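> Pasting a predicted model and its sequence here:
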Amino acid sequence: MKSFFSQEAFRDFGPLSLSPGEPTPTLVAAVGKSLSLGKQVGLLAPRKPGVYGMLDEQGVLHYVGKAKNLRIRLQSYFRPASRPSKATRMIRQTRTIVWEVWPREFSALLRELELIRRWRPRFNVVGQPAPFRHGFLCLGRAPAPYLFVTRNVPKTAKASFGPMPMSRKMQEAARLLNDAFQLRDCPQPTDMVFPEQQELFPVVHPVGCLRLDLRTCLAPCTGTCAQRAYAGQVKKARNFLEGKDASVMDALRLEMADAAQTQRFERAAGLRDKLALFEWLVGRLERLEKARGELSVVYPVEGPDNRTWWYVLHAGRPLLAVQAPRERAEAQGMRDTLERIYQRNDHPRLADSYEHHDDTLFVSAWFRKFPLEKKRTLSPAQAMRHCEKICRDKLARRASE
């Protein structure tokens, strides 16, 4: 377990991943044992939002936290009567406390998550890299596409759905969907032969498995399934996953009710479990689609220097933090960036951020807690129009001069 947590000696918190190139906030430190440390915190820590870290005697960072008011939060660790047992253990091992001041609590929240992932402090629980990875349910692999689960979406995939936690449940859903839509699930090297392909020397292609006899596969490996018919099933599977056609689930409900009525209870139970798995998958996909729509926004956050920062959120995951554009060149560059992210899904941080769904959870919780902040967000279209307006105003001003 020790190797999971960072044992590296602490130097500083490190660069800003959301704002590469921006200078990091000044790091302030208080050094000493418990009593002395508490007094220094009372004198040095400001009443401002920020992130803080606790270092042990070896200089290893063992906890990272976020505070709306750094002084009040840090002083709470030095009140034995009111602090929890975990805080007591932390303070006993702490010899240095460091902190950064941030303009707003939201900025400090994202910085805290970034630092937990970077340093993996042993006392932090929320925000640690998950012991599992997320994956995608993909439809692809020519010439006879089928549904499969993968961690990285191949460029040849016809469609991908996710990300979702990699689990047996997800794998089982892919298997049952292939059965329901009669798509193959055999290894990729298996030859696919369609009758449209004219063979010089026609041969009988043996069936590779029992799924043809079970009527859960059209068996494109045998040369008896027309490519057009198979493509029709692929389209039906895609429509189901995109929420356009729920007829498969309706048929399952009818079949389950019929099995129960005729007292075939084992059959009814199996259909019930299959239906529950499909409902779980559909629910997951609906929540993801909702998050993409509601939390794919630009969130303006005002800084202390009268500059506004734009936090670019994609399905609730923060990808970028930049100063709101003022000049024509800044507006043009920002518009191009927004178009890449929201229209072409082409940004280097998009794939990386799928590994960290804590971002989405924290951002969702932030807007639930502060609903008025959600009303201040800009849709991608609004943000791009704002950039275009800056460009037009600058050109008009230049023409008038």
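That came through fine. Worth saying up front: this structure is predicted, and the values here are computed from it rather than measured.
> ok now the host helix or strand of residue 64, how far from the chain's centre?
Taking DSSP states H and E as the criterion, residue 64 maps to strand 61-67. Counting by Cα atoms, centre = their mean, to the nearest Å, strand 61-67 is centred 23 Å from the centre of its parent chain.
> Can you list the buried residues in the helix or strand following that strand?
For strand 61-67, the succeeding helix or strand toward the C-terminus, using DSSP H and E, is helix 70-76. The neighbour-count check on helix 70-76 (16 or more other Cβ atoms under 10 Å) flags 70, 71, 73, 74 as buried. Backbone N, C-alpha and C define where each C-beta goes, glycine included.
> Residue 274 reaches residue 176, doesn't it?
Yes: judged on Cβ atoms under 8 Å, residue 274 makes contact with residue 176 at a distance of 5.7 Å.
> Closest to residue 394 out of the buried residues of helix 70-76?
Comparing the buried residues of helix 70-76 against residue 394 with Cβ to Cβ places residue 70 closest, at 39.7 Å.
> How much space separates that closest one from residue 40?
13 Å (Cβ to Cβ, to the nearest Å).
> Kindly report the same for residue 59.
Taking Cβ to Cβ, one finds residue 59 at 17 Å from residue 40.
> So which of these two has more stuff around it?
Between residue 59 and residue 40, counted using other Cβ atoms under 10 Å, the more crowded position is residue 40 (16 against 12).
> contacting residues for the more buried one?
30, 31, 32 (Cβ atoms under 8 Å, 6 or more residues apart in numbering).
> and with 6 Å instead?
residue 30 (Cβ atoms under 6 Å, 6 or more residues apart in numbering).
> just residue 205 next, same as before
193, 222, 223.
> Tell me where the model's unsure across the stretch 201-350 of the chain.
For the stretch 201-350 of the chain, residues meeting the criterion pLDDT under 70 lie at 201-203.
> What segments of it are helices?
Assigned by DSSP state H, counting those that start in this stretch, the helices in the stretch 201-350 of the chain fall at 227-241, 247-261, 265-294, 328-342, 348-353.
> Redo those helices as JSON lines? Include mean neighbour count and distance to residue 168.
Below are the helices of the stretch 201-350 of the chain laid out as JSON lines (neighbours: other Cβ atoms under 10 Å; distance: least, Cβ to Cβ, whole Å):
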{"stretch": "helix 227-241", "mean neighbour count": "17", "distance to residue 168": "19"}
{"stretch": "helix 247-261", "mean neighbour count": "14", "distance to residue 168": "20"}
{"stretch": "helix 265-294", "mean neighbour count": "15", "distance to residue 168": "11"}
{"stretch": "helix 328-342", "mean neighbour count": "17", "distance to residue 168": "33"}
{"stretch": "helix 348-353", "mean neighbour count": "14", "distance to residue 168": "24"}
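> what's the neighbour count on residue 182?
Using other Cβ under 10 Å: residue 182 sits among 21 other residues.
> repeat for residue 264
With other Cβ under 10 Å as criterion, residue 264 counts 14.
> From here on, call the first residue 31.
All right, first residue 31 from here; so that's residue 294.
> Report the separation between it and residue 206.
For residue 294 relative to residue 206 (Cβ to Cβ), the value is 19 Å.
> buried set for stretch 66-83?
67, 68, 70, 71, 75, 78, 79, 80, 81, 82, 83.
> sorry, that was for stretch 176-187
Residues 176, 177, 178, 179, 180, 183 are the ones in stretch 176-187 that count as buried (16+ other Cβ under 10 Å).
> Walk me through the domains of this protein.
Structural domains annotated on the chain: 32-149, 162-275, 276-323, 328-430, as defined by automatic domain parsing.
> And the ones you listed: which comes nearest residue 155?
Evaluated over the domains of the chain, closeness to residue 155 peaks at domain 32-149, with 9.4 Å, by Cβ to Cβ.
> count of neighbours near the closest residue to residue 116 other than its chain neighbours?
Closest residue in space to residue 116, ignoring its immediate chain neighbours: residue 153 at 7.0 Å, by Cβ to Cβ, 6 or more residues apart in numbering. Per other Cβ under 10 Å, the neighbour tally for residue 153 reads 17.
> quick one: stretch 54-67 to chain centroid distance?
On Cα atoms, centre = their mean, the centre of stretch 54-67 falls 34 Å from the chain's centre.
> residues of that stretch that come out buried?
For stretch 54-67, by 16+ other Cβ under 10 Å, it's 55, 58, 60, 67.
> Let me see the mean pLDDT of stretch 408-416.
Per-residue pLDDT over stretch 408-416 has a mean of 96.
> sorry, that was for stretch 151-158
81.
> And that stretch, what's buried?
Neighbour count says stretch 151-158 has 151, 152, 153, 154, 157 buried, by 16+ other Cβ under 10 Å.
> quick one, what contacts residue 400?
If you count contacts by Cβ under 6 Å, 6+ apart, residue 400 has none.
> Can you tell me how far residue 363 is from residue 327?
Using Cβ to Cβ, residue 363 is found at 19 Å from residue 327.
> now residue 185
28 Å.
> picking up where we left off before, and the contacts of residue 235 as CSV, adding neighbour count and distance to residue 197?
Shown next, in CSV, are the contacts of residue 235 (neighbours: other Cβ atoms under 10 Å; distance: Cβ to Cβ, whole Å):
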residue, neighbour count, distance to residue 197
223, 18, 34
252, 18, 33
253, 18, 36
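> just to revisit the earlier point, walk me through which strands the strand holding residue 94 pairs with, and which way each runs.
Paired neighbours of strand 91-97 in the sheet (DSSP bridges): strand 80-85 (antiparallel).
> Off-centre distance for the strand it pairs with?
25 Å.
> what about stretch 61-73, distance to the chain center?
39 Å.
> Equivalent analysis for stretch 114-134, please.
28 Å.
> can you give me the strands for this structure?
57-61, 80-85, 91-97, 126-131, 164-170, 176-180, 189-195, 328-332, 338-344, 347-353 (DSSP state E).
> quick one: which of the ones you listed is nearest residue 286?
Nearest to residue 286, of the strands of the chain and by Cβ to Cβ, is strand 176-180 at 22.3 Å.
> relative to helix 257-271, how tilted is the closest one?
Interaxial angle of strand 176-180 relative to helix 257-271 (axes from the mean of the first three to the mean of the last three Cα atoms, to 10 degrees): 50 degrees.
> mean confidence score for strand 176-180?
Mean predicted lDDT for strand 176-180 stands at 95.
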